[in-house]
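[1] Mind looking at a prediction? Sequence and model below.
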Amino acid sequence: MQSAPRSDSRVTIGIIALAAIIVLIGGAFAGLALEGARDPSGAAAAFDFYLFRVARFTLWQALLSTLLSVAPALLVARALSRHPGFPGRRLMLQLFTVPLALPAIVAALGVLALYGRAGYFAGILGKLGGGEWPGIYGLSGILVAHVFFNLPLATRLFLEALGTVPTDQWRLASQLGMGAWPALRLIEWPALRAALPGVAGLVFMLCITSFTIVLTLGGGPAATTLEVAIYQALRFDFDPARAVVLTLLQIVLTFVVVAVLTRLGANTVGDANLPVAPRRYLATGKVEAVLNAGLIALALLFVAGPMAATVFAGLEADLGRLAGEDAVRRATLTSGALSFFSALLSVMLSLSLIAARRALALRRRVGSAMSLLEHATDTGAGFVLVVPPIVVGAGWFLLLRDVTDIFAVAPVMVVTVNAVMAMPFAIRAVRPAYDAASERHERLCLALGISGWNRLRLVDWPSLRRPLAIGFAFAMALSLGDLGVIALFGSDSVQTLPYLLLARMSSYRTADAAGLALLLGLVCLMLVIVADWLGREAKA
Amino acid sequence: MTNNGIAVEKGLAVTLEGVLFSYGEASFRFDAEFAAGRITAIMGPSGSGKSTLLNLVAGFESPGAGRVLIGGVEVGNTPPSARPVSMVFQENNLFAHLSVEGNVGLGRSPSLRLTAADRQAVAEALARVGLAGKEMRLPRELSGGERQRVALARVLLRDRPVLLLDEPFASLGPALRDDMLDLVAGIHAERRMTVLFVTHQPEDARRIGEDMAFLDEGAIAARGPATDFFDRSGPDAFRRYIGDRGGRVAGSQHIARKRT
C-alpha cells in the first residue's frame, strides 16, 4: 500500500536532479557520437599501433601500480594490526589518510621534489647508480606516485578487514597457543583474502583512470595512458577522430573494470574512516616485532617523504612574491569560487537523489521490486564513476567547439563535471544520516503536515547540516585539486590553481610550482580535516 | 473552534467498513465502529494488527479496499495532517533539535511561525501536562515520561476529535505509567475526544479503558465493555492471551505491577 502521500515534492526534485546529470553525461556522449558520425573514416584510421600501445601501457601501469601498492599493503596492515598500541600509531594512520585529500598534482610535485633529477635524493641516488641521476619521469615516476596514493588506502582497507576478525577468535587462538605463523594462516589470511579482490580492484580502477599523475610524471608516447592521450589529441594535435576513439576505448575499459569489480563486491568509493584497534591477545615474538617495525618504518618513510618534500620545497619558494602575483591571486579566487559552487551543486544534487530515493522507498509496497526510478536514484549516482571527468569533458569539448568559444564555457564545465564526480562521496556522507532522520521523523511530519520548505527548514536542515557540511568539504577539496576538466577547458583567462601549477611546471618555474603546491595541498588538507572533525562531532 | 469545517469540541466516531490491507505476507481485515467520545483499549498479540489499525485511521497507510470514516466522513484520500486526528507514538514524538516550545508549537503551525497568542497557548498546554516553565528545554534534557507529556501537550493544542495512542507509555515504569494514564483520562474528561489506545498491559486497559477491542490474526476478534473482558465471562481468546490472571480479577493489577 502507499504509505506516503500520493504526491511528494521530493520525488519531483529528485527527477530534476537526475535529468540534470543525464544531460551532462548524455551531452558528452552526443558530442562523441556526432563527431564519430561526421568523420567515420578518420575514426577508423585512428585504430593504429599508437592506440594499441597507449591502451597496453594504460593497463600495464595500472597492473604494476596495483601489485606494488597492494602486496606491501597486506604486510603493512598485518604488521599494524599485530601492534595495536605502539606510540604514534594513531598519528601514522592519520598520516595515511592525507593522500586521499591531496590533489594528485601536489603529490606528483612532491615525488619530483624528492626523486626528480634535481630532487633532494638525486645526489644519493646518483652515487648509488654511479653517474648522474636521470630523474624518475616515465613509468617509474608514475608507479611511485600511484603507490604513494594507493599504498595507504589499501593498508587502511586491509586493516579494516582485519578488524572484522571477532575478538573471540583471538582469545581462542591465544588459548590454543597459536604462534605468529599459524595465526596468520588460520585467522589473518582468510580475512585479508576476503578483502583482497575488492581492494585490488579499487586500486586498479583508480590507476586506470589516473590522469594528472601520468600527465605530469609520464612522458612521451612511451608513457601515455588513454586519458592523457585524449587530452593531447584535443589540446595539442587537435585530432577529434582520434579523441573519439580513445574516449570510447576508455569508456569500454572502465566499464569492464567496474562490472568485474561489482561482481567482486568491491567498494568503488574509498573510505576515509580510521580503523580502531581492537585488543589483541596474541604475544608477538622479538624477531617478528623487529621485522614489523622495519616494515612500518619503511612504509611511513615512503608515504611521508613526498609530503615532507612538498613542504620543504614549498617553503624554499619565494612565497611572498607568489602571493603578490596577479595571476596567482586570480587563480586562487577562480579556484575558490569554482570549487565552492561545484561543492554546493554536488551536495544539492546528492541531497535531491537521496531524498527522492527515500520517498520512493517509503511509497513502495513492502516486498515489491524497486522501480527503475528508484534504482536510478539508488545506484545511478555510482555509475558516474564509470565515466571519468576527462571523458565527459572531451565529449562536451567536441560538441561545443563549433557552437561557442570553448574557453568561455570553462567555468560551467568545471563546476558541473566536478560536482557530479564528487557525488558518490557526498552521497556516502549524507545518505545514512538522511535515512536515519527520516526513520525518526517521517510519520511525525506527515501527522503534523510539515512538508516542502517547512520540512527542509525545521526538520531536515538541523539534523543534516553536519553531514551536509562533511559532503561539502569533501566535494570542495576534490574539485579544488582537480586538473582533469580544466586541463581541457583552461586558458589564460580562466585559470585554476592546479592549472596555473601545471603551467609553471611546464615552463620549468619549479620553485613557483612548489610554492603553489604547498598552498593547494594545505587548503585541501584543511578542508578534509574540517570534514573529519565535523564527522567525529556528529557521531559523538 | 473548527478544523476543516468539522466541529471539534466533541469526539467523532471512527468507522472502518470492510477495510482490507496487506503488508508483505500479512493481511488484515477490519470492520468496526468506535463510538464517539469513548476510550477504547486495543489489545492483541504482536502482529495482530493493532498498530496497522491505528495507522489506517491516521492515514499513514491506505486501505487496499473498504472505507475509513471519521465522524461519518470518508477520509480515504485525506493526508494524515488534514484528518481530525492526533497520534502519539511509542517514541520519536519529538524533534530532537527543537525546543519543547517548538515541538508543541508545531501543533499550531507547521511553519513554526508562532504569534504571542500561540505562545501563550503552548505555555498553557505545557502547564496542563505538568511541564510549566520547561519551554526552552531540548528533548534530550527531559526524562522519557516528560517527553511523552510534551507530545500530550501538542495533542491538547491541536485539539482534534480523535486521539490515537500507539503504546505511548510502554517504556515507562509502572508508577509513571499510571500517572500518564491518569493524565490521558483527565484530558479525555475535559475534551471528550474519541481515544483508541493500543497497549500490551491489561492493567492499562483496566485503568482507563471504557471499551475493549481484542485483535487476533489480522481482525477484530472480540469487542465489548472493558469490565466484561476482565471477569470470567470475557472472550476465551482474550483470556488465553492475557494468561491465568484473567481468572483472578481482584489481584491481577497488583501482580502485574510487581512483575513489571
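    Received it, and whenever you're ready, just let me know what you need.

[2] which other residues reach stretch A:42-57?
    Applying CB atoms under 8 Å, 6 or more residues apart in numbering or on different chains, the contact partners of stretch A:42-57 are A:36, A:221-226, A:229, A:239-242, A:244-246, A:249, A:253. (Glycine included, C-beta is placed from N, CA and C.)

[3] hey, where'd the helices end up in the stretch 401-540 of chain A?
    Ranges of helices within the stretch 401-540 of chain A are A:410-448, A:452-455, A:461-481, A:484-489, A:497-506, A:510-539, based on DSSP state H, counting those that start in this stretch.

[4] And the helices in the stretch 201-350 of chain A?
    A:212-217, A:226-235, A:240-264, A:286-316, A:319-324, A:326-363.

[5] Give me whichever of the ones you listed is most buried.
    helix A:212-217 (a mean of 26; mean count of other CB atoms under 10 Å in any protein chain shown).

[6] Run the chain-centre distance for that one.
    15 Å (CA atoms, centre = their mean, to the nearest Å).

[7] what is the mean pLDDT for it?
    Averaged over helix A:212-217, pLDDT sits at 88.

[8] swap in stretch A:290-307?
    Stretch A:290-307 carries an average pLDDT of 89.

[9] cool, and stretch A:440-448?
    pLDDT averaged over stretch A:440-448 gives 88.

[10] Stretch B:152-167 too?
    If you average the pLDDT values across stretch B:152-167, you get 93.

[11] same question, stretch A:247-255
    Computed over stretch A:247-255, the average pLDDT equals 85.

[12] what's the answer for stretch A:454-470, then?
    pLDDT averaged over stretch A:454-470 gives 87.

[13] and that stretch, how far from the chain's centre?
    Taking the mean of its C-alpha atoms, stretch A:454-470 sits 26 Å from the chain's own mean (CA atoms, centre = their mean).

[14] End to end on it, go ahead and measure it.
    Length of stretch A:454-470, first residue to last, CA to CA, to the nearest Å: 23 Å.

[15] quick one on the thing from earlier: adding mean neighbour count, write the helices of the stretch 401-540 of chain A out as a markdown table.
    Putting those into a markdown table (neighbours: other CB atoms under 10 Å in any protein chain shown) gives the following:
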| stretch | mean neighbour count |
| --- | --- |
| helix A:410-448 | 22 |
| helix A:452-455 | 15 |
| helix A:461-481 | 23 |
| helix A:484-489 | 26 |
| helix A:497-506 | 23 |
| helix A:510-539 | 20 |
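
[16] Comparing these by mean pLDDT, which bottoms out?
    helix A:510-539 (a mean of 82).

[17] Helix A:410-448 and that one, what's the angle between them?
    0 degrees (axes from the mean of the first three to the mean of the last three CA atoms, to 10 degrees).

[18] sorry, back to before: and of the helices of the stretch 401-540 of chain A, who's closest to A:Glu132?
    Nearest of the helices of the stretch 401-540 of chain A to A:Glu132, taken as CB to CB: helix A:510-539 at 17.7 Å.

[19] Please see if the closest one touches chain B.
    No - residues of helix A:510-539 are not located near chain B by CB under 8 Å from any CB of the partner chain, the shortest gap being 12.6 Å.

[20] Could you count how many residues lie near residue 91?
    Picking chain A for this. Neighbourhood size, A:Leu91 [other CB atoms under 10 Å in any protein chain shown]: 10.

[21] sorry, should have said chain B
    When counting by other CB under 10 Å, one arrives at 14 neighbours for B:Glu91.

[22] got it, and B:His97?
    17.

[23] quick revisit: out of the helices of the stretch 401-540 of chain A, which is closest to B:Leu152?
    B:Leu152 lies closest to helix A:410-448 among those, at 14.1 Å (CB to CB).

[24] Extract the C-alpha set from the helix or strand containing A:Leu373 and format it as PDB.
    Using DSSP states H and E, A:Leu373 sits within helix A:372-378. Once non-C-alpha atoms are left out, helix A:372-378 reads as follows in PDB (Å, rounded to 0.1, in the frame of the first residue of the first chain):
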ATOM      1  CA  LEU A 372      13.500   2.000 -12.400                       C
ATOM      2  CA  LEU A 373      13.400   5.500 -11.000                       C
ATOM      3  CA  GLU A 374      14.300   4.200  -7.500                       C
ATOM      4  CA  HIS A 375      17.200   2.200  -9.000                       C
ATOM      5  CA  ALA A 376      18.400   5.300 -10.700                       C
ATOM      6  CA  THR A 377      18.300   7.400  -7.500                       C
ATOM      7  CA  ASP A 378      19.900   4.500  -5.600                       C
END
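
[25] Going by neighbour count, which residues of that helix are buried?
    For helix A:372-378, burial by neighbour count (16 or more other CB atoms under 10 Å in any protein chain shown) applies to A:Leu373, A:Glu374, A:Ala376, A:Thr377, A:Asp378.

[26] and the fourth one, how far is that from A:Ala17?
    Taking CB to CB, to the nearest Å as the measure, A:Thr377 and A:Ala17 are separated by 8 Å.
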